[in-house]
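**Q** I need the structure of the sequence given here:
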Amino acid sequence: MPNPADAEAVGDFPTWSRAVDEFQAALAGKSPRTRQTYAVCLRRFEDFVADGGQPPETLRTDHLDEDALERFHTWLLRDAGLQSRATVATYVAGVRAFLRFLARRRWLAPSVSFEALKANAREAMGRGSYRTPRVDRRLPLIVTYVDSLPVTSAGPGAERARLELLRDRALIRTLFCTGVRRQEAAGLNRADLDDGWSKQALITGKGNKERVIFFDDATLAAIRAYLEARADGYAPLFIRHDRARGKPRQAGANYRLSPRAVWEIVRRYAGQVGVRATPHAFRHAKASTLLNRGAKLSEVQDILGHASPETTKRIYAHYETSHLREAFDRFSATAEELAAALTPGAGAPPPPARPR
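**A** Down below sits the predicted model:
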């Protein structure tokens, strides 16, 4: 969340305090106890914001991003004073109701979807404190399905449909191949990967941290096919092709696909295939595949861009039981083996103590 220069409302987006006041006023028909519960939930969210280095009084509603509720949930779990899962769920539910109110008022940033806010939090919460990500094994079917769709060549709107399908193929493959976040995918520029000819790209991810991401041949081929069909010099890798996009500005920066649009594209194709998936599911799938095939947690941490190895370990240290059993059998030792390795005579049990 950025630090704004002042606490005044800008445009149609109010300050945090004004939005809270409006929300509390909208609760006039609720019981005093319910209003008090919501107030406590919002105070806890203010503590979370302050702990991140931003005074709540400087926060505007359009500074909230789509993983805010998910990060709030994680922060609550890390708080030593919060041991009750029910308490954590109550706080998250209270803030979720407030965010729903902001969405109804159109006080969230245009790129932020309440549905995505809710979905991200739901995935993080699961059934326990840190739920093992449940990745639908049919996720690759989304990739193969989009690849199988015919490219329209004639009829009204054929050119737009062709470009959008080629874009979606390249986007879905990028998410599946690299494991990037949707914000990172939306932020890619064609120069980052040399118009689809470079097998790696340096990106700036979450927390302004740089990392290298890697592409396979199939993904690069899909990207090149899309860029060749576009035949333009716009900088963003993934762009809009609808008529409402207006005239290009700043090398087509205003055409860049938004993170919300990335989310909607994935959800649309997932629905057509009958698979439960969000862009983050591709990230989980990449991590699980790497771990199941022998990658180290530290390597997956670097590939995914986690700030701490504990994050990777907490979320992804669930890889298949067969690997854990293999490690158990390979590195365990019996008591007899350990005793035999001791110095001569040391393996024998000590004589019983004599009674005095």
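
**Q** CA only for contacts and neighbour counts going forward, please
**A** Will do.

**Q** pLDDT below threshold where in this structure?
**A** 1-11, 79-84, 123-134, 207, 307-327, 343-356 (pLDDT under 70).

**Q** ok, for the residue positioned nearest the centre of it, nearest residue in space, not its chain neighbours?
**A** When the chain is reduced to its mean C-alpha position, the nearest residue by CA atoms, centre = their mean turns out to be residue 280, at 4.7 Å. Leaving aside its chain neighbours, residue 280 sits nearest to residue 181 (6.5 Å; criterion: CA to CA, 6 or more residues apart in numbering).

**Q** I'd guessed the one you found sits against residue 283; true?
**A** Yes. Taking CA atoms under 8 Å as the definition, residue 181 is a contact partner of residue 283 at 7.0 Å.

**Q** so what sits against both of those two?
**A** residue 175 (CA atoms under 8 Å, 6 or more residues apart in numbering).

**Q** Give me the neighbour count for the residue nearest to residue 280.
**A** By the criterion of other CA atoms under 10 Å, residue 181 has 21 neighbours.

**Q** Please name every helix or strand in contact with the helix or strand hosting the residue nearest to the centre of the chain.
**A** Per DSSP states H and E, residue 280 falls inside helix 279-292. On a contact count with 3 or more CA pairs under 8 Å, 6 or more residues apart in numbering; DSSP states H and E, helix 279-292 meets helix 158-178, helix 259-273, helix 297-304.

**Q** which of the residues in whichever helix or strand comes after the first one are buried?
**A** Moving toward the C-terminus from helix 158-178, the next helix or strand (DSSP H and E) is helix 182-186. Of the residues in helix 182-186, 182, 183, 185, 186 count as buried by neighbour count, 16 or more other CA atoms under 10 Å.

**Q** Now distance to residue 37 too, for those residues, in TSV please.
**A** Output for those, formatted as TSV (distance: CA to CA, whole Å):
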residue	distance to residue 37
182	34
183	33
185	38
186	37
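
**Q** Residue 201: which element?
**A** strand 200-204.

**Q** and the angle for that strand with helix 158-178?
**A** Inter-element angle recorded for strand 200-204 and helix 158-178: 90 degrees (by axes from the mean of the first three to the mean of the last three CA atoms, to 10 degrees).

**Q** Strand 200-204: which residues count as buried?
**A** 200, 201, 203.

**Q** do stretch 28-48 as well
**A** Those would be 35, 38, 39, 41, 42, 44, 45, 46, 47, 48, for stretch 28-48 by 16+ other CA under 10 Å.

**Q** so which of those residues comes closest to residue 157?
**A** Closest approach between the buried residues of stretch 28-48 and residue 157, by CA to CA: residue 45, at 46.4 Å.

**Q** residues in contact with that closest one?
**A** Neighbouring residues of residue 45 by CA under 8 Å, 6+ apart: 72, 95.

**Q** tell me the secondary structure for it?
**A** Here residue 45 is helix, with the state taken from DSSP: H, G, I helix; E, B strand; the rest coil.

**Q** what does residue 93 give?
**A** Per three-state DSSP, residue 93 ends up helix.

**Q** Can you tell me how far it is from residue 19?
**A** Between residue 93 and residue 19 the distance is 17 Å, computed by CA to CA, to the nearest Å.
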